[in-house]
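> What would the 3D arrangement of this be:
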Amino acid sequence: QLQLVESGGGLVQTGGSLKLSCAASRFTLGAYTLGWFRQAPGGVREAVGCISSSGGSTDYADSVKGRFTVSRDNAKNTVYLQMNNLKPEDTAIYYCAARIVMDGCMVEAGTTWGRGTQVTVSS
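Predicted structure coming up:
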């Protein structure tokens, strides 16, 4: 069974930083476009950013551009989300996903999800 496990979430003050990690087991991430999504309380799951299989291309939601960075280390089978200058509206459960359509960071029928990690930004 394919598995993605996120880590690195927590409580941080406004303006602070966190780095999320997502490690894969039982499959190799290197062939896939990967993405980070989030879902705030009462909200819908939205794309935060995604990265191509080579790492050469990235795309971000307008709300996080200039603050968040998606990166990957295929040798470690891990994808990262560096979050800087965090705001209370960034509070959400963050999910990583594999098998994403790069154009618009869209999910597809074969998308594999992690279980999520909570990020809370206090004002």
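> Just the endpoints, please. Distance across stretch 17-31?
29 Å (C-alpha to C-alpha, to the nearest Å).
> quick check: mean pLDDT across it?
On average, the pLDDT along stretch 17-31 is 92.
> In terms of secondary structure, what does the one helix or strand in the chain whose mean pLDDT sits lowest contact?
In the chain, no helix or strand scores lower on mean pLDDT, DSSP states H and E than strand 106-113, which sits at a mean of 92. Applying 3 or more C-beta pairs under 8 Å, 6 or more residues apart in numbering; DSSP states H and E, one finds that strand 106-113 contacts strand 92-101. Glycine gets a C-beta too; all of them are placed from N, C-alpha and C.
> mind redoing it with 10 Å?
For strand 106-113, the contact count by 3 or more C-beta pairs under 10 Å, 6 or more residues apart in numbering; DSSP states H and E identifies strand 3-7, strand 34-39, strand 46-51, strand 92-101 as packing neighbours.
> Direction included, what does the helix or strand just after that strand pair up with?
Reading on from strand 106-113 to the C-terminus, the next helix or strand found by DSSP states H and E is strand 117-122. When pairs are called by DSSP bridges, strand 117-122 turns out to pair with strand 10-13 (parallel), strand 92-101 (antiparallel).
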